[in-house]
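Asks: Quick check, what structure comes out for this input:
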Amino acid sequence: MNIQQHSGFYVVGVAARTNNAAEMNGSGKIGQIWQTLLRDSLVAKIPNKLGVDLIAVYTDYEGDHRGQYTYLLGLPVSSIQDVPANFIAKHIPNGRYAVVTSNRGPLKEVVAEAWQRIWAMSPEDLGGTRSFRSDYEIYDQRAADPEKAQIEVYVGLR
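Replies: Just a heads-up that it's a prediction; the model follows:
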């Protein structure tokens, strides 16, 4: 497993509370967040951007992957000053992260498959015990074609 040490950073974007059961049965909020951010061109309104790669953050967990969490989609920023009222800022804490690369294929499928693989991993397979503080996905140029996408998932470790 590829383990990386990262310093903390901020992400600003659009967020909602959800859980994996709702996301899997079609009553979740993640699709709506993507539509809101992209349809309304909100990315252009995020101040202090650091790059163009979208970051999806999973944070504020109520326990483990079976409980509620906050999902935020946005961009990394250099500062959280002047964050517009319709945006949320979240801090990704510094620490150790296991990096899981998805397969390549339709975006919805590869993201779900990557998370199913992560949920099935033992701490030994993952390289440590999950912290459930923050996890995040990076949507870079490899995800530009939603039919042939590949992403990286950074899983926070204790």
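Asks: Every contact and neighbour count from this point should use C-alpha atoms.
Replies: OK.
Asks: now the helices for this protein?
Replies: 20-24, 30-39, 107-120, 123-126 (DSSP state H).
Asks: what ranges do the strands span in the protein?
Replies: Assigned by DSSP state E, the strands in the chain fall at 2-6, 9-18, 54-59, 69-77, 88-92, 95-101, 130-139, 152-157.
Asks: Mean neighbour count added to those, as TSV?
Replies: Compiled in TSV, the strands of the chain are given as follows (neighbours: other C-alpha atoms under 10 Å):
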stretch	mean neighbour count
strand 2-6	13
strand 9-18	21
strand 54-59	22
strand 69-77	24
strand 88-92	19
strand 95-101	20
strand 130-139	20
strand 152-157	23
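Asks: Ok, which of the helices of the chain comes nearest residue 93?
Replies: helix 123-126 (18.7 Å; C-alpha to C-alpha).
Asks: mind exporting that closest one as PDB, just the C-alpha atoms?
Replies: What follows is helix 123-126, C-alpha atoms only, in PDB (Å, rounded to 0.1, in the frame of the first residue of the first chain):
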ATOM      1  CA  PRO A 123      -5.800  -2.500   8.700                       C
ATOM      2  CA  GLU A 124      -2.900  -4.600   7.500                       C
ATOM      3  CA  ASP A 125      -4.000  -4.400   3.900                       C
ATOM      4  CA  LEU A 126      -4.600  -0.600   4.200                       C
END
